[in-house]
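**Student:** Next input, structure requested:
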Amino acid sequence: MQSNNRNIPIEALRFLVMLQICFWHFSKGLGCMKVGYIGVEFFFILTGIFLYKIARKINSPGVISFSLNKVKKFYLAYVVALVLCYCVKLPYIHELFTADPLHEICRIIGQLLLIQNIGVVEGGINTPTWFFSILIYGGAIVYTLIKYYPKACIRIVFPILTCLFYTSIFNFQDGPGLEQWRVEVFFSMPFLRGVTDISLGVLIGYAFFSYQQIWQKYTKCLDALGIISSILYVWIIFSGQKEAPYAILFICMLLICCLNPDSRIHLIFKSTKWLYLGNMAFDLFLIHVVLKFGIYAIGKYLYLTPLTQFLCYAVLLIPTAYMFRVLINAIQRYFPITKLKRLR
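**Tutor:** Numbers count the residues shown, from 1 in each chain. Alright, predicted model coming up:
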């Protein structure tokens, strides 16, 4: 089902997968969610699918315009969340600045320039926001290639990149897997991970939109594969590190089912409320680390058990995201220069 050019099942998955990531980041799911981080692959691959649609339009924007437009859509909320994160982590930050003030100042600059975890500086204080750095710089690279060299990328570059990278990742399945923060030869692994996932999304977008009638012809088979994929995806999240790379296959299948307008998943997720919840995924992503450390601090002061802390976190997560959105809207209202569209 579509509503105002938005795909409701995809919006539903955006919200559900974002909850998965948020719960994963809270004490790594209290030990029960083994590979909750795999949700990041969902968002990178989804980015690649829509990036393909934009790049192949006749009037598609240039690379610089495309990248700057992306930054404008989320940068205000990104900076506000960064400031709040520094406030919540103040005692911890004080220790870091005392130990190595120059390094921490450079990290702040790196976060403001969105260059954390791309090989220049290490991750920032609001740790999940490395995603935005890859989205901008990695997305710009993929966008450039698919806009100006589509045939070479679809037939050669992206297939080779995905095969080589995922082969390497499968060789690490008994170790860190996709969650590698090191530099390999000349490449930052988080950056390479994001670029590869986005490239895979481009291939999925090409395969679906170029042969949409064929996919629709086998809708029942896709529905069956979608059900199997969703079950196996959830199973992998709670099973362990070794099976994590396989989840990429199931993410791709679920996204294809969502893209297919004839799929039964559109009957499951038909309520327009999912549009609102999917829109909230962005705010959840930015603010959940702030809430997490706030709960940690209060829990330590009140001697709350880890489970009680997690329950408080789960209950407050969506209201906190809503209040964060109200704050951003208020800033935009009183400072018109910041009135920019939000990332979708």
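
**Student:** quick one: the helices in the stretch 101-250 of the chain?
**Tutor:** 101-112, 130-133, 139-148, 150-152, 158-170, 189-210, 212-217, 219-239, 247-259 (DSSP state H, counting those that start in this stretch).

**Student:** angle of the third one against helix 189-210?
**Tutor:** Yep, that's helix 139-148 we're talking about. Per axes from the mean of the first three to the mean of the last three Cα atoms, to 10 degrees, the angle that helix 139-148 makes with helix 189-210 is 30 degrees.

**Student:** so for helix 139-148, what's the average pLDDT?
**Tutor:** In this model, helix 139-148 has a mean pLDDT of 96.

**Student:** ditto for the fifth one
**Tutor:** Along helix 158-170, the predicted confidence averages to a pLDDT of 90.

**Student:** Run the chain-centre distance for it.
**Tutor:** Distance, stretch centre to chain centre, for helix 158-170: 20 Å (Cα atoms, centre = their mean, to the nearest Å).

**Student:** packing partners for that helix?
**Tutor:** In this structure, helix 158-170 makes packing contacts with helix 189-210, judged by 3 or more Cβ pairs under 8 Å, 6 or more residues apart in numbering; DSSP states H and E. All C-beta spots, glycine's among them, are computed from the backbone N, C-alpha and C.

**Student:** Alpha carbons of the helix it packs on, in PDB - could you do that?
**Tutor:** Extracted in PDB, the C-alpha atoms of helix 189-210 (Å, rounded to 0.1, in the frame of the first residue of the first chain):
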ATOM      1  CA  MET A 189      35.800  -1.200   7.800                       C
ATOM      2  CA  PRO A 190      32.700   0.700   8.900                       C
ATOM      3  CA  PHE A 191      32.900   2.800   5.800                       C
ATOM      4  CA  LEU A 192      33.500  -0.200   3.500                       C
ATOM      5  CA  ARG A 193      30.600  -2.000   5.200                       C
ATOM      6  CA  GLY A 194      28.200   0.900   4.500                       C
ATOM      7  CA  VAL A 195      29.300   1.400   0.900                       C
ATOM      8  CA  THR A 196      28.900  -2.300   0.200                       C
ATOM      9  CA  ASP A 197      25.500  -2.400   1.800                       C
ATOM     10  CA  ILE A 198      24.400   0.700  -0.200                       C
ATOM     11  CA  SER A 199      25.800  -0.900  -3.400                       C
ATOM     12  CA  LEU A 200      23.800  -4.100  -2.600                       C
ATOM     13  CA  GLY A 201      20.700  -1.900  -2.200                       C
ATOM     14  CA  VAL A 202      21.400  -0.400  -5.700                       C
ATOM     15  CA  LEU A 203      21.500  -3.900  -7.100                       C
ATOM     16  CA  ILE A 204      18.300  -4.900  -5.400                       C
ATOM     17  CA  GLY A 205      16.700  -1.700  -6.700                       C
ATOM     18  CA  TYR A 206      17.800  -2.400 -10.200                       C
ATOM     19  CA  ALA A 207      16.700  -6.000 -10.100                       C
ATOM     20  CA  PHE A 208      13.200  -5.100  -8.800                       C
ATOM     21  CA  PHE A 209      12.400  -1.900 -10.800                       C
ATOM     22  CA  SER A 210      13.800  -3.300 -14.100                       C
END
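
**Student:** Great, nothing more from me.
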